[in-house]
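Novice: Turn this into a structure:
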Amino acid sequence: MNKGLFITFEGGDACGKSTQVKLFKEYANLHPLKDKFIFIREPGGTVLGEEIRKLVLNYTLDAPVPKAELMLFLASRAQICEKVIVPALKEGKIVIADRFYDSTIAYQGMARGIMSPEEILNLNRSILGNITPDLTFYLKLGAEDARARKLKMLNNAGQELDRMEMEEMAEIDFHQKVCDGYDYIANLESERFHIIDARKSIEEIQQEIKQTFEKKLIQK
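Specialist: Below is the predicted model of the structure:
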């Protein structure tokens, strides 16, 4: 394998993304190329990035204003790109990211309206240059299904939501805007997107992810 592979997992609230990342990590640990896999998350993935994650998700004393929130996400992304992603790809590693700039376009752009999706995309490009995922798994779930799943999560014992999740629970319109944001970037950069119906069973989704990954691996 001469060149690294950059794969991202994306999706709105309650789409099952975290579950699928966890299952894929278990799969990677048994893979013949297991030593090449690196798993990261956004925001986070570096010492600085994890501190930013705490500020963005749980800092309620003086919660970031919208534009500060956006810049914190970008700061974390700039740090992990230079410190982790780019060096790993140069070494031929397989980088698996739980969220990347598509999430910022969907949430901070379309849903929160901090900047337009186009402006956020251009801002990311100016900071990251040509760093773009080779493959993006987008677990697509409709707004009504997303909100219903989220409400069900609240009823589970011990389930806690962070600051941003609590804000996002209020309106069905928010979930629809997130979907619209993902659809926007998926249409714009369709060559890297693999869209998965998140209403499928966990097992069906994981099988689809594995098969698509192996095909991409062969192509590289």
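
Novice: what does the helix or strand where residue 178 lies rub up against?
Specialist: Using DSSP states H and E, residue 178 sits in helix 172-188. The set of residues external to helix 172-188 that reach it, using C-beta atoms under 8 Å, 6 or more residues apart in numbering, is 10-13, 102, 105-107, 109-111, 117, 121, 136, 138, 140-144, 146-147, 168, 193, 195. Placement of C-beta: from N, CA and C, glycine included.

Novice: In that helix, which residues are buried?
Specialist: For helix 172-188, the neighbour count (16 or more other C-beta atoms under 10 Å) marks 174-179, 181-182, 184-186 as buried.

Novice: again with stretch 78-89
Specialist: Of all the residues in stretch 78-89, those buried under the rule 16+ other C-beta under 10 Å are 79-81, 84-86, 88-89.

Novice: Make TSV out of these and add distance to residue 98.
Specialist: As requested, these are arranged in TSV below (distance: C-beta to C-beta, whole Å):
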residue	distance to residue 98
79	16
80	11
81	15
84	13
85	13
86	18
88	15
89	17
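
Novice: As TSV, these with pLDDT would be great.
Specialist: As requested, the buried residues of stretch 78-89 are arranged in TSV below (pLDDT from 0 to 100):
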residue	pLDDT
79	97
80	97
81	97
84	97
85	97
86	96
88	97
89	97
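
Novice: Widest-spaced pair of those?
Specialist: Using C-beta to C-beta, those span at most 15.8 Å, a distance reached by 79 and 89.

Novice: pLDDT weak spots in this protein?
Specialist: 1-2, 154-171 (pLDDT under 70).

Novice: in it, which spans are strands?
Specialist: Listed in chain order, the strands found in the chain under DSSP state E are 5-11, 37-41, 94-98, 135-140, 193-197.

Novice: Residue 60: which of those strands is closest?
Specialist: Residue 60 sits nearest to strand 37-41 of all those, at 21.4 Å, using C-beta to C-beta.

Novice: what's the neighbour count on residue 30?
Specialist: Neighbour count of residue 30, defined by other C-beta atoms under 10 Å: 7.

Novice: er, residue 40 I mean
Specialist: The local packing count at residue 40 equals 19, with neighbours defined by other C-beta under 10 Å.

Novice: Which residue is the nearest non-sequential neighbour of it?
Specialist: Once flanking residues are discounted, residue 40 sits nearest to residue 97: 5.1 Å by C-beta to C-beta, 6 or more residues apart in numbering.

Novice: what does residue 120 give?
Specialist: Distance criterion C-beta to C-beta, 6+ apart; nearest residue to residue 120, sequence neighbours excluded, is residue 109 at 4.3 Å.
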